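# show me the folded form of this:
(one chain, ligands or ions: 2)
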Amino acid sequence: MASLLVTGGAGFIGANFVRYRRTTHPAEAIVVLDALTYAGNRASLDGVECEFVHGDIADTALVERLLRERGINTIVHFAAESHVDRSIHGPDAFIENNVLGTHSLLKAARTVWLAGSGMPHRFHHVSTDEVYGSLGPGDPAFSETTPYAPNSPYSASKAASDHLVRAYHHTYGLQTTVTNCSNNYGPYQFPEKLIPLFLINALHGRPLPIYGDGLQVRDWLHVEDHCRGISAALDRGKPGETYNIGGGAELPNLTVIDTLCAAVDAAFAGDAALAERFPDAPAAKGIVTSTLKTTVADRPGHDRRYAIDERKARAELGYAPARTFEQGFAATLAWYLANEGWWRGVLDGSYRDWVATNYATR
Ligand code: NAD
Ligand code: TYD
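Ligands and ions are numbered 1, 2, ... in the order given. Predicted structure coming up:
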């Protein structure tokens, strides 16, 4: 039976994964290792049975100790700096956490699993489709053999970590799998990424800042579908292999934003209590949410289009997304409306401080 160390388990996807795996594999032991950076929230794991260790993946001795003392045979590695805009303003943290941190984790796994116990093991690395660069409108979607061409400090740091994982498999025989996925959305996402940021701005009557022409295309993946894909890679993936996980929902940003605005309008129309809870929302005053749409300067080096060819994951893992974007988005909006306490806690703390220091002067 697997005994898991989940790095970054207090972040968005990590917390969803711990919740998902807890349900599907109830007998497994789960240890979460998380440094609780601005993006990590212990509250995202409230009520979930797991051991929480507050620590850094770069602390090789701590990781070695956890692997030995807890009898861990599976690492699921989420911990990273994950936001492109932050990587543009401050790339150092991305090199430290994503490249050096991943290397530290690989060293610990090698020491304990290969030089030490020799036990069967798995090192699963969670990565992004952004390592493949940007597609033109007619280009084929990213497959596992698409050459790497990262364009942002974030994607370059993830590409470097993918290469290190590959090298540890090839050189030392570490039993690795890698998944490269598209843009996730769903519960517990930190409100700096497009969907939760725009939702919370809409509820407060704040502008919805659309970068450039808003016609950039992303493949939207509900986080629970992603967690199923990772779980399938753990259970059925072959060591040394990479699998692309997509949501089958390629959409321009403007379509996502229009969907969001219309859904917020419909939610307020159907529930009078929302106008009392969020009196600054245009929808509370009978004004359409889309009036908040505001075009701002484009992100430097903004990738135009991402798209995932998921045939390999489908054929070898039996993976397919279970939700359409419309279903996944409706569930996400309902979650944010029902879990105001979670996102208020996030907004009242480190996020607000970070926004104040980094965006006020931009
Ligand atoms: P997130 O920013 O929400 O969470 C990251 C978590 O890692 C936080 O809990 C943080 O405290 C922790 N962390 C950061 N540095 C750490 C360190 N040095 N030691 C221990 N913990 C540390 O990120 P996310 O959106 O959940 O993404 C998880 C992973 O999935 C990342 O590797 C990211 O690159 C990848 N990914 C994310 C998306 C997406 O749409 N969010 C898409 C593709 C790939
Ligand atoms: P984001 O959620 O940051 O994910 P990524 O950059 O990893 O794709 O952004 C998704 C898309 O939305 C991307 O094309 C940038 C755009 N975007 C905006 O137009 N405005 C915003 O305020 C944000 C955060 C993103």
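# and residue 82, which of the three is it?
Classification of residue 82 by DSSP: H, G, I helix; E, B strand; the rest coil places it in coil.
# which ones are touching it?
Residues counted as contacts of residue 82 (Cβ atoms under 8 Å, 6 or more residues apart in numbering) are 11, 12, 39, 154. Placement of C-beta: from N, CA and C, glycine included.
# got the phi and psi for it?
With angles defined as degrees, to the nearest 10, residue 82 shows backbone torsions of phi -130, psi 0.
# what does the one 3 residues further on give?
The main-chain torsion angles of residue 85 are listed as degrees, to the nearest 10 and equal phi -60, psi -40.
# cool, residue 16 as well?
Phi and psi for residue 16, reported as degrees, to the nearest 10, are phi -60, psi -40.
# against residue 168, how distant is the closest residue to it other than its chain neighbours?
The spatially closest residue to residue 16, leaving aside those adjacent along the chain, is residue 223, at 4.6 Å (Cβ to Cβ, 6 or more residues apart in numbering). Taking Cβ to Cβ, to the nearest Å as the measure, residue 223 and residue 168 are separated by 27 Å.
# and for the closest residue to ligand 1 within the chain, the neighbour number?
Across the chain, the shortest distance to ligand 1 (Cβ to the nearest ligand atom) belongs to residue 11, at 2.1 Å. When neighbours are defined as other Cβ atoms under 10 Å, residue 11 has 27 of them.
# one more: the one 3 residues further on?
Here the neighbour count serves as a burial measure; for residue 14 (other Cβ under 10 Å) it reads 28.
# does whichever strand or helix holds it reach ligand 2?
Taking DSSP states H and E as the criterion, the element that holds residue 14 is helix 12-24. No. Helix 12-24 stays clear of ligand 2 (Cβ under 6 Å from any ligand atom), getting no nearer than 10.9 Å.
# what of stretch 245-254?
Yes. Contact of stretch 245-254 with ligand 2 is found when judged by Cβ under 6 Å from any ligand atom, involving residue 253.
# how long is that stretch from one end to the other?
Using Cα to Cα, to the nearest Å, the span of stretch 245-254 from its first residue to its last is 23 Å.
# anything in it near ligand 1?
No. Using Cβ under 6 Å from any ligand atom as the criterion, no contacts between stretch 245-254 and ligand 1 are found, and the smallest distance is 8.8 Å.
# pLDDT of that stretch, averaged?
Mean pLDDT, stretch 245-254: 97.
# what does that stretch contact?
Against stretch 245-254 from outside (Cβ under 8 Å, 6+ apart): 129, 141, 179-183, 194, 210-211, 214-222, 225-226, 229-230, 305, 307-310, 313, 319-321, 323-325, 328.
# same thing with stretch 157-168?
80-81, 87, 91, 94-95, 97-99, 102-103, 106, 109-110, 123, 125, 127-128, 130-131, 148, 150, 174, 176, 178, 180, 242.
# quick check on those: which are buried?
80-81, 87, 91, 94-95, 97-99, 102-103, 106, 109-110, 123, 125, 127-128, 130-131, 150, 174, 176, 178, 180, 242 (16 or more other Cβ atoms under 10 Å).
# can you list which of the residues you listed are found in helices?
In this view, the buried ones among the contacts of stretch 157-168 that belong to helices under DSSP state H are 87, 94, 102, 103, 106, 109.
# check residue 106 and give its pLDDT.
98.
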